[in-house]
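**Student:** One predicted model, sequence on top.
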Amino acid sequence: MGDGSAPALVAGSLWSVPADKQVPAVLARRPAGLRRLHWDTTDGRFAAPGGFGPAEAARISEATGTEAEAHVMAHHPSAVVDAWADVCGTVFLHAESQDWQGATRRLERRGTRPGLAISPGTSVDVVPDGMAVLVMSVVPGRAGTAFDLGALVKVARLRDRDPHRPIGLDGGVRREHADRALAAGVTWMVVGTDLFSDDGAARWGDLLTRVSPPGAPAPRRSAAGRRPRPSP
C-alpha cells in the first residue's frame, strides 16, 4: 500500500496495457520504484471508450501495493466522482466538462482533493488559482499519440502564476521529454506506453525513485485498501 510518504514523481498509466498483463507489468516495475498509478476513466463520449472503473482500479492497486489518482474524462463527472473518491486521494476533472464545478464540490465534501485537467486546446486561464492541474499533452483518450510540446508552454505559464501549485503532465510523455518538463515546472508526470515497454523500467529508473516537490497531490491508501481521509 501507499504509506503516505512524499508522492512519486512518476505515475504509471495502464490504458494501453492488455488486461491480462496489467498486474504483472506493475509488479515487474515495483522494484525499480513504481508506486503510483493513474486511473483513466471515460464516458465514451468525452473521450474514446476505454479506461477503468473504480472497482477495477481498487483491485489492481491493492494487488500491486500502489497509490492511486483518477482522471475522469466525462461530460457529467458529478455522476461518477463519489465512487472514485473511495479509491483515490486526488480526482482530476476536465475543464471542458459541463459540471466540473459541481463535481469539485462533491469531492471536497468527501475529503478528496479535486484537480482540473485541461485539454490541448484549452487555455490555462480557466484554471482557478491554487487548484491542482493536469496539463494534457495529447487529446484525451488518445494514448500513444504524439506529445504536444505546447503543453510545456502551458506548464511554464501555470508555474509562473503560482510557484506552489501542483502541476501534472499527461499524454505521450517519453523519457526524452522529462527533463524539459521538470525544467518547465511539472510536479509529476503520467507515463504509459514508454514506461510499460520492454525497457521502460530501465529508461525511467532514475525518476521512478524520485519524489515530487512539496504540494503535490498525495494519493494514499490504507492497509485495508481504502483511502484514509487527508489531514486538514
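**Tutor:** That came in fine, so what should we check first?
**Student:** which residues of this protein fall in strands?
**Tutor:** 10-13, 36-42, 67-73, 90-94, 113-118, 132-136, 167-170, 188-191 (DSSP state E).
**Student:** What mean pLDDT does the fourth one get?
**Tutor:** The average pLDDT within strand 90-94 is 97.
**Student:** again, but for the last one
**Tutor:** Model confidence over strand 188-191 averages 96 on the pLDDT scale.
**Student:** Contacts for it next, please.
**Tutor:** Here strand 188-191 makes contact (Cβ atoms under 8 Å, 6 or more residues apart in numbering) with 7-13, 36, 38, 71, 134, 166, 168-171, 173-174, 178, 181, 200, 204, 207, 212, 216-217. Bear in mind the C-beta positions are built from the backbone N, C-alpha and C, glycine included.
**Student:** still on that earlier bit, what would the strands of the chain look like in a markdown table with mean neighbour count?
**Tutor:** As requested, the strands of the chain are exported to a markdown table (neighbours: other Cβ atoms under 10 Å):
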| stretch | mean neighbour count |
| --- | --- |
| strand 10-13 | 24 |
| strand 36-42 | 24 |
| strand 67-73 | 28 |
| strand 90-94 | 28 |
| strand 113-118 | 22 |
| strand 132-136 | 25 |
| strand 167-170 | 28 |
| strand 188-191 | 28 |
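**Student:** Just the local confidence number for the spatially most central residue of the chain, please.
**Tutor:** Taking Cα atoms, centre = their mean, the centroid of the chain lies closest to H38, which sits 4.3 Å from it. H38 carries a pLDDT score of 97 in this model.
**Student:** what's near enough to touch it?
**Tutor:** Residues in contact with H38 (Cβ under 8 Å, 6+ apart) are 11-13, 69-71, 170, 190.
**Student:** rerun at 6 Å
**Tutor:** By Cβ atoms under 6 Å, 6 or more residues apart in numbering, the residues touching H38 are 11, 13, 69, 190.
**Student:** And F92, by the same measure?
**Tutor:** 71, 115, 117, 134.
**Student:** Could you rerun that using 10 Å?
**Tutor:** 38-40, 69-73, 77, 84, 100, 113-118, 132-134, 136, 168, 170, 190, 217 (Cβ atoms under 10 Å, 6 or more residues apart in numbering).
**Student:** Just the endpoints, please. Distance across stretch 27-35?
**Tutor:** Terminal residues of stretch 27-35 lie 10 Å apart, using Cα to Cα, to the nearest Å.
**Student:** mind listing the helices in the chain by residue range?
**Tutor:** 22-29, 54-64, 81-85, 100-109, 150-161, 175-184, 200-208 (DSSP state H).
**Student:** Name the residues of stretch 193-200 that come out as buried.
**Tutor:** For stretch 193-200, a neighbour-count test (16 or more other Cβ atoms under 10 Å) marks 193-196, 200 as buried.
**Student:** Make TSV out of those residues and add distance to D162.
**Tutor:** Converted to TSV, the buried residues of stretch 193-200 look like this (distance: Cβ to Cβ, whole Å):
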residue	distance to D162
T193	30
D194	28
L195	28
F196	32
G200	32
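**Student:** tell me which of the residues you listed is nearest to A63?
**Tutor:** F196 (16.1 Å; Cβ to Cβ).
**Student:** where does this protein have low pLDDT?
**Tutor:** 1-6, 141-144, 214-232 (pLDDT under 70).
**Student:** highest average neighbour count across the helices of the chain?
**Tutor:** Highest mean neighbour count of the helices of the chain: helix 81-85, a mean of 22 (counted as mean count of other Cβ atoms under 10 Å).
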